[in-house]
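*Asks:* Predicted model and sequence below, questions to follow.
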Amino acid sequence: MGSVKNLILDDSPAGRLYIPPTNDQFGRGAWRVSGRFSVADLKEQIPDSNIKDKAEALTMMTARFFEYLANKHPDIPTCYLGLLDKDGVVTDTQALLDRGQTSNVIAMKLAHLPSTYSNGDLKKYREDLESGALQCGVADVESIFRAGFPLGSSTFKRIFKAVGMGNTYEKLATYDETVKALDEIRSMVSDSKILKPSLLENVLKASGLGTTIPNPGFVLKTPTYDSTTKFEETGDREITKEEEKRLSGLSDVGYESWTCNIFPTLSREQIEFCDEKGILNIDGKGECVAYRREPVVTDFLCTPDENRLMIVTKVNGSELAIPSNKEIQRAIFRQEGVYSAVEEAKIRGEKEGVNWKGFMGEILKDRNIDIKAVTEHSCNLMGHAVAEVANRLLGQRVFDAEPIDFWVREFIPYASKIERQD
């Protein structure tokens, strides 16, 4: 379920819900959500830090969306069971809100992971999921939708790499810096100074952009989709449709149902759910359990950890999308040189054939980057943004957030100017 969620296995009411999954049956369990900082695959290097209200906000937001989804699409199976109140009783978001309460404990159906099924042997896990020997396991696939391109989108990284400016991109942090560099690329294109324009063309086409090189904040009419692996120790890896099908553990019918119906519906509903509340859900992911070769939605949906949820507001006559959670954290990390350090670590890791994360401590020290100070600053900012997003999505003032005008000024350099595709 990820680094901010911990399965409860003690003798509390939540812990007593636990039933382990079998090869062909769901288990059940309660997860306690933390407000832990989580970004850039740097869990080992980042000191313990918590974002104010994040634990309850994530839990309440995802529960609210799952309940919304169940009401609109009861035909879509999910692992969501409910929230636990302070007495350990399973309930729903509205029941808690009516009592003036929140929760950071969520009950979900449980399926196998490599750690629970094959003691971390990913090869065996994949083989048994593909063959059907394992009939209740989380697919080794993360499905991704992109409805637009905010500051920090990986699409911009691909654009810069395609024109040989990958190192330039790693030094960009703000909207203005990024637009200035993109203007340089547009000028290079118009003057035919790019040696391999086909690389750039492929990136733009795959992103649903045609020939448009967008600025941060460009929103597509129709989302695009792709997928990565989930369980590889070296991090997510983009995969082809053929590999996606194999790693999913789904039957032909199940795979078609996921890719052609369930995941596009999940994506559309998340976008619309947020749009009605002044939040731009510009990209996100979805995961499924291969349950008897059919897809069942799992993990969290529609939270700042799984999606880029951007607060729509007007500043000086411009409609801006203000980042929340990882978006601002990534910008701050890029500005302070952390992402550049990650790139160096990955190059060294690939050269020596080992996990790149082992090099990060040394590289951060050599570059005089205080990862603790960077982390604390971004966490303080996130407390404001997460509370604002949660209050909007829950439809009432649940978390004690400062008014947006009080804290938005520091976010503006990392905001995206919304522009919609014709």
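*Replies:* Perfect, I can see it now.
*Asks:* How about the contacts made by the most centrally placed residue in the chain?
*Replies:* The centroid of the chain falls nearest to Glu306 when counting by CA atoms, centre = their mean (2.9 Å). For Glu306, the contact set (CB atoms under 8 Å, 6 or more residues apart in numbering) comprises Thr62, Gly284, Lys285, Asp299, Phe300. C-betas here are computed from N, CA, C, even on glycine.
*Asks:* Just flag the most distant two among those residues.
*Replies:* Thr62 and Lys285 (12.7 Å; CB to CB).
*Asks:* pretty sure Leu320 is in a strand, no?
*Replies:* Yes: secondary structure assignment places Leu320 in a strand (DSSP: H, G, I helix; E, B strand; the rest coil).
*Asks:* partners of it in the sheet?
*Replies:* Thr313, Lys417 (DSSP bridges).
*Asks:* quick one, strands of the protein?
*Replies:* Ranges of strands in the chain, per DSSP state E, are 5-7, 27-33, 80-84, 90-91, 105-110, 136-138, 142-149, 218-228, 279-291, 294-298, 307-315, 318-322, 416-417, 419-420.
*Asks:* May I see these organised as TSV, with distance to Leu200, mean neighbour count and mean pLDDT added?
*Replies:* Formatted as TSV, these follow (distance: least, CB to CB, whole Å; neighbours: other CB atoms under 10 Å; pLDDT from 0 to 100):
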stretch	distance to Leu200	mean neighbour count	mean pLDDT
strand 5-7	39	17	91
strand 27-33	41	21	97
strand 80-84	41	22	98
strand 90-91	51	16	98
strand 105-110	42	24	98
strand 136-138	36	25	98
strand 142-149	15	23	96
strand 218-228	16	17	95
strand 279-291	21	26	96
strand 294-298	35	23	98
strand 307-315	23	22	91
strand 318-322	25	20	91
strand 416-417	21	22	94
strand 419-420	20	13	94
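*Asks:* Looking at those strands, which is nearest to Tyr255?
*Replies:* Once these are compared by CB to CB, strand 294-298 is nearest, at 8.0 Å.
*Asks:* Other residues contacting the closest one?
*Replies:* 76-80, 108-109, 111, 138-139, 248, 250-251, 253-255, 257-258, 262, 266, 286-289.
*Asks:* dump the residue contacts of Gln25.
*Replies:* Gln25 touches Cys136, counting by CB under 8 Å, 6+ apart.
*Asks:* repeat that with 10 Å
*Replies:* Contact analysis of Gln25 by CB atoms under 10 Å, 6 or more residues apart in numbering lists Ile19, Lys109, Leu110, Ala111, Gln135, Cys136, Tyr291, Arg292.
*Asks:* in terms of contact, does the last one touch Gly254 like I think?
*Replies:* Yes: in this structure, Arg292 is within contact of Gly254 by CB atoms under 10 Å, at 8.7 Å.
*Asks:* distance of Gly317 from Lys417?
*Replies:* 11 Å (CB to CB, to the nearest Å).
*Asks:* Low-confidence bits of the protein, can you list those?
*Replies:* Across the chain, the ranges flagged by pLDDT under 70 are 1-3, 37-49, 193-197, 325-327.
*Asks:* which helix is the longest one in it?
*Replies:* For the chain, the longest helix by residue count, based on DSSP state H, is helix 371-394.
*Asks:* could the strands of the chain be laid out in JSON lines, adding distance to Glu238?
*Replies:* Shown next, in JSON lines, are the strands of the chain (distance: least, CB to CB, whole Å):
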{"stretch": "strand 5-7", "distance to Glu238": "25"}
{"stretch": "strand 27-33", "distance to Glu238": "28"}
{"stretch": "strand 80-84", "distance to Glu238": "28"}
{"stretch": "strand 90-91", "distance to Glu238": "38"}
{"stretch": "strand 105-110", "distance to Glu238": "27"}
{"stretch": "strand 136-138", "distance to Glu238": "19"}
{"stretch": "strand 142-149", "distance to Glu238": "9"}
{"stretch": "strand 218-228", "distance to Glu238": "5"}
{"stretch": "strand 279-291", "distance to Glu238": "13"}
{"stretch": "strand 294-298", "distance to Glu238": "20"}
{"stretch": "strand 307-315", "distance to Glu238": "18"}
{"stretch": "strand 318-322", "distance to Glu238": "25"}
{"stretch": "strand 416-417", "distance to Glu238": "23"}
{"stretch": "strand 419-420", "distance to Glu238": "26"}
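*Asks:* Of all the ones you listed, which one comes closest to Lys54?
*Replies:* Here strand 27-33 is closest among those (CB to CB), at 8.2 Å.
*Asks:* Put the alpha carbons of that closest one into CSV.
*Replies:* Output of strand 27-33 as CSV, limited to C-alpha atoms (Å, rounded to 0.1, in the frame of the first residue of the first chain):
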residue,chain,number,x,y,z
GLY,A,27,-8.0,-11.1,3.2
ARG,A,28,-9.0,-8.1,5.2
GLY,A,29,-7.2,-5.5,7.2
ALA,A,30,-7.0,-1.9,8.5
TRP,A,31,-4.3,0.5,7.5
ARG,A,32,-3.1,3.4,9.6
VAL,A,33,-2.2,6.3,7.5
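*Asks:* Counting by contacts, list what it packs against.
*Replies:* strand 5-7, helix 54-72, strand 80-84, strand 105-110 (3 or more CB pairs under 10 Å, 6 or more residues apart in numbering; DSSP states H and E).
*Asks:* Let's see that with 6 Å instead.
*Replies:* strand 5-7, helix 54-72, strand 105-110 (3 or more CB pairs under 6 Å, 6 or more residues apart in numbering; DSSP states H and E).
*Asks:* Which one of these lies nearest to Ser207?
*Replies:* Closest among the helices and strands packed on strand 27-33, using CB to CB: helix 54-72, at 25.7 Å.
*Asks:* ok, and for the closest one, which residues are buried?
*Replies:* 54-69 (16 or more other CB atoms under 10 Å).
*Asks:* Need the contact partners of it.
*Replies:* Outside of helix 54-72, the residues within contact range by CB atoms under 6 Å, 6 or more residues apart in numbering are 33-35, 78, 80, 83, 92-93, 102-104, 106, 269, 273, 300-303, 386, 390, 393-394.
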